[in-house]
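J.: Sharing a model that was predicted from the sequence below.
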Amino acid sequence: MKFLQASFRQNKPYDQLVREILSADSGNPATRPTARFLLDRDADPYLLTRDVGRMFFGVDLQCAQCHDHP
């Protein structure tokens, strides 16, 4: 939460913010709070795809898990 608050106060560009969230290293104490996005989902590709689609693209990709059509 503090990471997001600080990022918004700094008026960080959206692409940089997303890149920092999705590439965070949990071994680095400076980026550990950012890595919570990945750690909370146990790096499960289905959960990550679902949440990235919803939060960053505004699209629900969860149905693509079972359905394979255009």
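T.: Here it is on my side, so go on. Numbers count the residues shown, from 1 in each chain.

J.: Show residues contacting stretch 53-61.
T.: Contacting residues not belonging to stretch 53-61 are listed as 18, 49-50, 52, 62 [CB atoms under 8 Å, 6 or more residues apart in numbering]. Quick note: C-beta positions are derived from backbone N, CA and C, even for glycine.

J.: at 10 Å what do you get?
T.: For stretch 53-61, the external contacting residues (CB atoms under 10 Å, 6 or more residues apart in numbering) are 14, 17-18, 21-22, 37, 46, 49-52, 62, 64.

J.: looking only at pLDDT, what's the mean for it?
T.: What stretch 53-61 shows for mean pLDDT is 81.

J.: next SSE after the least confident helix or strand in the chain by mean pLDDT?
T.: Of all the helices and strands that make up the chain, helix 32-39 has the lowest average by mean pLDDT, DSSP states H and E, namely a mean of 71. Sequence-wise, the next helix or strand downstream of helix 32-39 (DSSP states H and E) is helix 45-52.
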